[in-house]
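J.: model this:
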Amino acid sequence: MQSQIDLSTFAGGAVAERFNIELQRVIENIADPNTDPKKARTLILKLTIKADENRDVASVDIETKAGLVPAKPVVTKIVIDQDSDGNVVAAELKSGIKDQMMIDDDGDVADHTGRKIVQFKP
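T.: As a prediction, the model looks like this:
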């Protein structure tokens with residue numbers, strides 16, 4: 001009987017296969033520009049071994065888990081105001097500064113929420 005178990009062939013290669021799947025997830029997470037590149041990722045390979053009463057056969061549960069870094073939060077600003085009926089309303093601040101006009105993506109003049117004020121193209 002072999003005295004050591006080769007992880008590359010253990011469980012028909014399933015251990016190595018699952019490890020490689022999780023390693024690929026870690027690598028993709030590192031390459032994702034939306035994550036913090038300096039934070040550590042983890043890859044856990046867990047083997048739970050339960051022997052039988054005679055201690056000559058054991059059941060092995062194999063688990064893999066990747067600890068990934070979440071995407072960086074997306075930040076924006078909203079402008080809070082009241083409508084003509086006194087209800088509180090909000091809109092995303094698109095110009096960067098409240099009450100500042102801007103040129104939108106279409107080349108038109110828009111208010112700070114992106115609502116067109118002057119449209120140059122019909």
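J.: measure stretch 95-110 end to end?
T.: End-to-end distance for stretch 95-110, by CA to CA, to the nearest Å: 9 Å.
J.: repeat that for stretch 23-37.
T.: Distance between the boundary residues of stretch 23-37 (CA to CA) amounts to 16 Å.
J.: got it, and stretch 93-103?
T.: So stretch 93-103: terminal residues 14 Å apart, CA to CA.
J.: can you name the residues in contact with that stretch?
T.: Residues outside stretch 93-103 that contact it (CB atoms under 8 Å, 6 or more residues apart in numbering): 76, 77, 78, 79, 104, 109, 110, 111, 112, 113, 114, 117. Every residue, glycine included, has its C-beta placed from N, CA and C.
J.: just the buried members of those residues?
T.: 79, 104, 110, 111, 112, 113 (16 or more other CB atoms under 10 Å).
J.: dump the residues you listed to TSV, plus distance to residue 72 and pLDDT.
T.: Formatted as TSV, those follow (distance: CB to CB, whole Å; pLDDT from 0 to 100):
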residue	distance to residue 72	pLDDT
79	24	86
104	26	84
110	27	88
111	29	85
112	25	84
113	25	84
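J.: what's the farthest-apart pair in those residues?
T.: Spanning the widest gap among those are 79 and 104, at 16.0 Å by CB to CB.
J.: how does the protein divide into domains?
T.: 10-67, 78-118 (automatic domain parsing).
J.: coming back round to it: closest to residue 16 among the buried ones among the contacts of stretch 93-103?
T.: The closest of the buried ones among the contacts of stretch 93-103, once distances to residue 16 are taken by CB to CB, is residue 104, at 53.2 Å.
J.: residue 111 versus that closest one, what's the distance?
T.: 10 Å (CB to CB, to the nearest Å).
J.: quick one: low-confidence parts of this structure?
T.: Counting by pLDDT under 70, the chain contains low-confidence ranges at 1-2, 122.
J.: look at the residue of it most remote from its centre and give its secondary structure.
T.: Centroid-distance maximum for the chain: residue 54 at 46.7 Å, with CA atoms, centre = their mean. Secondary structure, DSSP: H, G, I helix; E, B strand; the rest coil: residue 54 is coil.
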